[in-house]
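Visitor: Got a sequence here, can you build the structure:
(2 chains)
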There are 2 protein chains.
Amino acid sequence: MEVLAGGGVTTAKGFRAGAVAAGIKKSGDLDLSIVWSDYPARVAGVFTQNKVRAAPVLLSEERVRRRQARGVVVNAGNANACTADQGLANAREMAQLTAAKLGVDADDVVVASTGVIGVQLPMEKIRAGIQSIDLSPDGGARAARAIMTTDLRPKERAVRLTIDGRQGTIGGMAKGSGMIHPNMATMLAFITTDAAVDPIFLQTALREATNVSFNMISVDGDTSTNDTLLVFANGAAGNGLIREGTADAAAFQEALNDVAIDLAKAVARDGEGATKLIEMQVTGAESSEDARKAARAVVSSSLFKAAVYGADPNWGRILCALGYSGANVDAARADIRIGDVYLMRGGEIQSFDRAAAVAQMAGPDVLVSAHLHLGDASARAWGCDLTEGYVDINGRYTT
Amino acid sequence: MEVLAGGGVTTAKGFRAGAVAAGIKKSGDLDLSIVWSDYPARVAGVFTQNKVRAAPVLLSEERVRRRQARGVVVNAGNANACTADQGLANAREMAQLTAAKLGVDADDVVVASTGVIGVQLPMEKIRAGIQSIDLSPDGGARAARAIMTTDLRPKERAVRLTIDGRQGTIGGMAKGSGMIHPNMATMLAFITTDAAVDPIFLQTALREATNVSFNMISVDGDTSTNDTLLVFANGAAGNGLIREGTADAAAFQEALNDVAIDLAKAVARDGEGATKLIEMQVTGAESSEDARKAARAVVSSSLFKAAVYGADPNWGRILCALGYSGANVDAARADIRIGDVYLMRGGEIQSFDRAAAVAQMAGPDVLVSAHLHLGDASARAWGCDLTEGYVDINGRYTT
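Guide: Numbers count the residues shown, from 1 in each chain, chains lettered A, B, ... in the order given. Take a look at the predicted model:
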């Protein structure tokens, strides 16, 4: 597997993308985009677990069940959430307009939205915008900017792998947890691959990739009404179909995980007001579920997030979060490290070199690890520090 | 039931308390206290669910299982957590010294600690401190100050009720979720009553009171290693024993709930950096568990807490938190109000008077309510706003 510098959602063969500034965002920035496969593609999706689900989520979930689609149309600036029947009709029309423009059935188009909730989409602008989008094989970077809301940086990743003797590519883009005017954060991610993939395995693989990536990040613990993660596989690489349980499936899974993890980390790093990415590694847990709970609890702890901001090697807050995570934890056995500095070893607090520990927390990447010494399971989770900036953005801001 | 102004942990008959500045806190403030019953008392307790449990929690949990005790010795400034065997020996010695001073068995003394973790107790100071404590029937206010850490205000409450034709009193004190130098927040609460209460019912009643009070508050979602809630009942009121299922039991439960809720709200209001108390009322939930989850999710949402700080009537963040709470929520039916201003009604966003809604969020008490229209269950939860002050205290602070 090789990382392709500058790669993104159109790096895989047979994918095009385009974006325009349709006027949905007040800023006049790019806000409407299409990602498109030149060939019929398999699709898999993972959607928000929030009981309050936006219209595009309801529509797309239904369409993804067919396991085939040609592409997705995405707008930023308006989430089309809490918009009742009119919202659903508007989401359908977005798909219909895109399908008509590109000569396919409306069922082959998936829809995603992010932005303000409770406001109907400005359909005149969206109709004109969809018409004016030009799709191109190097349109990925533009599309990655068009899905941003308060994200500070676009988020793209692509990797190349060999499958069945052919070169295959997986690429993608995501938008993060910047707070959206005026209501909530939405996580959107779109991944494309030119590998030919069995559609049942594609869904399983996406679920697995989500579990080790987007489900292991926390910015503020709030899950939005619009979270959507899609993967399209169009087979343009010419490989024999990847089926579950094969060596090719394992290689594909590894590459898909890499793309998903890289995008998820970029989302965590770009959390509102964040200055640092926190990676929490838990090893020696009794079960995988315990490892996941323990890792997530630490990156979700407001107390520890604030300590990271202040570069304070506060092992007490780490141990405390491990303790209430729900995972089995024996404080008398645990090791805790920040970078390579042991703060606690076998349950004993170390008289560590404070300056060295602080130095490990001074940069933009803070690695914390805990060995629980209770089993063989491990997990990683990512989060960001809690800063005055978060409060400024979300508290001072007025709808 | 009547609230007794200025009442606290020694308002009930036959209870005394005292406190000294033993030098455990660097500030020189009161830090060591005893709450004592002149008569043998029944005791019930609820302890932290954190898997990492401090020595006094381990000791006290064991002693409370005997359902009888005379009192509790409490120190602030040092949590005696992560202190291994020496910590347990020190907790035992604190109880032993108190028992010897007051002429009872060591088993009759319960222990609680709050403060720094990972540091052994300064036993010389504690030995001298316990010796010098003077117990008095009006020592409650002093004891309430001695259990504080970074709390800004002491927290006390007492109520009077009639049981079995006699006047009974329930009073208590709590300390809150101010961040403790240097590690974590601990919630401690001690309640006393002169009612005679069946010990099995006393435990059930305390659990019930905790479920509607301390289990329904959130400051930052972090659960400490030391959380301890105790109730002592000494029977000095002379009533016939209160047994489960009687009218007296119901009256006692109501009064105990009142004391616990009042103390819990005081803890939430005094959260670090907090400027406002948020009360979330959920009605019309499908089940009691759903109502509790939904109410807790809203007061725990960093996004909504920041919005309350900025007095922003952001119904989107409320609806979003209800949606991911795990409770059954139908966005097409819900009503959401801030104070008496409807933001959403029957799932429809109202064109509400923004100035009126902002006014409801400007003061120190913000009431939010949601009617889910799915059943008859209800719950209340309390939290505080998220401010730059929280980040300052917990991020800028260096251990």
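Visitor: quick one: the strands in the stretch 101-250 of chain A?
Guide: A:109-116, A:155-163, A:166-175, A:188-193, A:217-218, A:228-233 (DSSP state E, counting those that start in this stretch).
Visitor: Tell me which of those strands sits nearest to residue B:359.
Guide: Across these, residue B:359 has its closest neighbour in strand A:109-116 (23.7 Å, C-beta to C-beta). Every C-beta, even on glycine, is put in place using the N, C-alpha and C of the backbone.
Visitor: quick one: that closest one to strand A:228-233, angle?
Guide: Comparing the axes of strand A:109-116 and strand A:228-233 via axes from the mean of the first three to the mean of the last three C-alpha atoms, to 10 degrees yields an angle of 150 degrees.
Visitor: quick check, distance from strand A:109-116 to the centre of its chain.
Guide: 15 Å (C-alpha atoms, centre = their mean, to the nearest Å).
Visitor: how about the strands of the stretch 101-250 of chain A in CSV, adding distance to chain B, mean pLDDT and mean neighbour count?
Guide: Formatted as CSV, the strands of the stretch 101-250 of chain A follow (distance: least, C-beta to the nearest C-beta, whole Å; pLDDT from 0 to 100; neighbours: other C-beta atoms under 10 Å in any protein chain shown):
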stretch, distance to chain B, mean pLDDT, mean neighbour count
strand A:109-116, 8, 93, 28
strand A:155-163, 21, 97, 22
strand A:166-175, 17, 97, 26
strand A:188-193, 16, 97, 30
strand A:217-218, 10, 84, 26
strand A:228-233, 15, 97, 28
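Visitor: export these to TSV and tack on distance to residue A:135?
Guide: Supplementary listing: the strands of the stretch 101-250 of chain A in TSV, determined by distance: least, C-beta to C-beta, whole Å:
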stretch	distance to residue A:135
strand A:109-116	13
strand A:155-163	17
strand A:166-175	15
strand A:188-193	13
strand A:217-218	31
strand A:228-233	14
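Visitor: Which among the ones you listed is found nearest to residue B:381?
Guide: Judging the strands of the stretch 101-250 of chain A by C-beta to C-beta, what sits closest to residue B:381 is strand A:217-218, at 21.2 Å.
Visitor: Any idea which of the strands of the stretch 101-250 of chain A gets closest to residue B:21?
Guide: Per C-beta to C-beta, nearest to residue B:21 of those: strand A:217-218, 41.1 Å.
Visitor: and for that closest one, what are the contacting residues?
Guide: Residues from elsewhere that reach strand A:217-218 (C-beta atoms under 8 Å, 6 or more residues apart in numbering or on different chains): A:264-265, A:267-268, A:296, A:299-300, A:381-383.
Visitor: quick one: pLDDT of the residue nearest to residue A:166 when sequence neighbours are not counted?
Guide: Counting by C-beta to C-beta, 6 or more residues apart in numbering or on different chains, the nearest residue to residue A:166 once its immediate chain neighbours are dropped is residue A:239, at 4.5 Å. We have a pLDDT of 97 for residue A:239.
Visitor: Would you confirm that residue A:239 contacts residue A:167?
Guide: No. If you go by C-beta atoms under 8 Å, residue A:239 and residue A:167 don't touch, sitting 9.1 Å apart.
Visitor: wait, is residue A:266 part of a strand?
Guide: No. Using DSSP: H, G, I helix; E, B strand; the rest coil, the secondary structure at residue A:266 is helix, not a strand.
Visitor: surely it meets residue A:153?
Guide: Yes. With contacts counted by C-beta under 8 Å, residue A:266 reaches residue A:153, the gap being 7.4 Å.
Visitor: Looking at the two, which one has more neighbours?
Guide: residue A:266 (22 against 13; other C-beta atoms under 10 Å in any protein chain shown).
Visitor: residue contacts, the more buried one?
Guide: Residue A:266 neighbours (C-beta under 8 Å, 6+ apart): A:153, A:155, A:157, A:174, A:176.
Visitor: hmm, try it at 6 Å
Guide: residue A:155 (C-beta atoms under 6 Å, 6 or more residues apart in numbering or on different chains).
Visitor: just the one 10 residues further on next, same as before
Guide: With contact set as C-beta under 6 Å, 6+ apart, residue A:276 has these partners: A:308, A:364, A:366, A:385.
Visitor: Which of the residues you listed has the largest number of neighbours?
Guide: Most surrounded of those: other C-beta under 10 Å gives residue A:308, at 28 neighbours.
Visitor: mind listing what's buried in stretch A:141-155?
Guide: Within stretch A:141-155, the residues that count as buried by 16 or more other C-beta atoms under 10 Å in any protein chain shown are A:141-151, A:154-155.
Visitor: residues in contact with stretch A:233-244?
Guide: Outside stretch A:233-244, the residues within contact range by C-beta under 6 Å, 6+ apart are A:13-14, A:37, A:39, A:41-42, A:163-164, A:166, A:168, A:193-198, A:201-202, A:248-249, A:252.
Visitor: just the buried members of those residues?
Guide: Counted by 16+ other C-beta under 10 Å, the contacts of stretch A:233-244 give A:13-14, A:37, A:41-42, A:163-164, A:168, A:193-198, A:201-202, A:248-249, A:252 as buried.
Visitor: Please flag which of those residues sit within helices.
Guide: A:201-202, A:248-249, A:252 (DSSP state H).
Visitor: could you redo these as CSV and give each row distance to residue B:3 and pLDDT?
Guide: Compiled in CSV, these are given as follows (distance: C-beta to C-beta, whole Å; pLDDT from 0 to 100):
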residue, distance to residue B:3, pLDDT
A:201, 65, 98
A:202, 63, 98
A:248, 72, 97
A:249, 67, 98
A:252, 67, 98
